[in-house]
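sequence and predicted structure, then a few things I'm wondering about:
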Amino acid sequence: QVQLVESGGGSVQAGGSLRLSCSASVSIRSVQAIAWYRQAPGKQREMVASIVKTGATNYADSVKGRFTISRDNAKNLIYLQMDSLKPEDTAVYYCFGVYTDYVGGYWGQGTQVTVSA
């Protein structure tokens, strides 16, 4: 069973930075893709950033140049470095993973990020 646990959320002023972490219970060396999603109140969940097995990354236009996704295979951690935060980045951020040897995708429980003006 795959478990993903996010941490690192909190409150920050606009222009500030936060680093989110996603801890995986199964080695991320076998992951097909890991992504960060977010969901703001009253809005649909949207993909923010993703990284695939090859290391290629993809970002939503709204966060390009400000957010960076990375991984530490030795620690089974996936990071989301968020810089130049804006109030519109306020949301619950979720980690989502798809593994080669497990059917379906797995969600974490989410971590709240609040950016004040």
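Looks like it came in fine. Just so it is clear, the structure is predicted and the values come from calculations on it, not from any experiment.

what's near enough to touch residue 92?
38-40, 110-113 (C-beta atoms under 8 Å, 6 or more residues apart in numbering). Where you see a C-beta, it was placed from the backbone N, CA and C, and this is true even at glycine.

scratch that, residue 76 is what I was asking about
Contacts of residue 76 (C-beta under 8 Å, 6+ apart): 23-28.

any idea how far it is from residue 89?
Note on residue 76: its distance to residue 89, by C-beta to C-beta, to the nearest Å, is 26 Å.

before we move on, what about residue 71?
For residue 71, the distance to residue 89 - C-beta to C-beta - is 21 Å.

and the residue nearest the centre of the chain, what are its bridge partners?
With distances taken as C-alpha atoms, centre = their mean, the chain has residue 36 as the residue nearest its mean C-alpha position (2.8 Å). Beta-bridge partners for residue 36, by DSSP bridges, are residue 49, residue 95.

surely it is in contact with residue 22?
Yes: checked against C-beta atoms under 8 Å, the pair residue 36 and residue 22 is within contact range at 7.4 Å.

what do those two both touch?
In contact with both residue 36 and residue 22: 78, 80, 95, using C-beta under 8 Å, 6+ apart.

sec struct for residue 54, please.
Under the three-state scheme (DSSP: H, G, I helix; E, B strand; the rest coil), residue 54 adopts coil.

how many other residues sit next to it?
7 (other C-beta atoms under 10 Å).

which residues touch residue 26?
2, 76, 99, 102.

now those residues in TSV, please, with extra columns for distance to residue 66 and pLDDT.
Shown next, in TSV, are these (distance: C-beta to C-beta, whole Å; pLDDT from 0 to 100):
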residue	distance to residue 66	pLDDT
2	29	91
76	25	94
99	28	90
102	32	87
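
widest-spaced pair of those?
Greatest spatial distance among the contacts of residue 26 (C-beta to C-beta): 76 and 102, at 14.4 Å.

selecting buried members of the contacts of residue 92 in PyMOL, what would you type?
To isolate the buried ones among the contacts of residue 92 in PyMOL, judged by 16 or more other C-beta atoms under 10 Å, type:
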select buried, resi 38+110+111+113
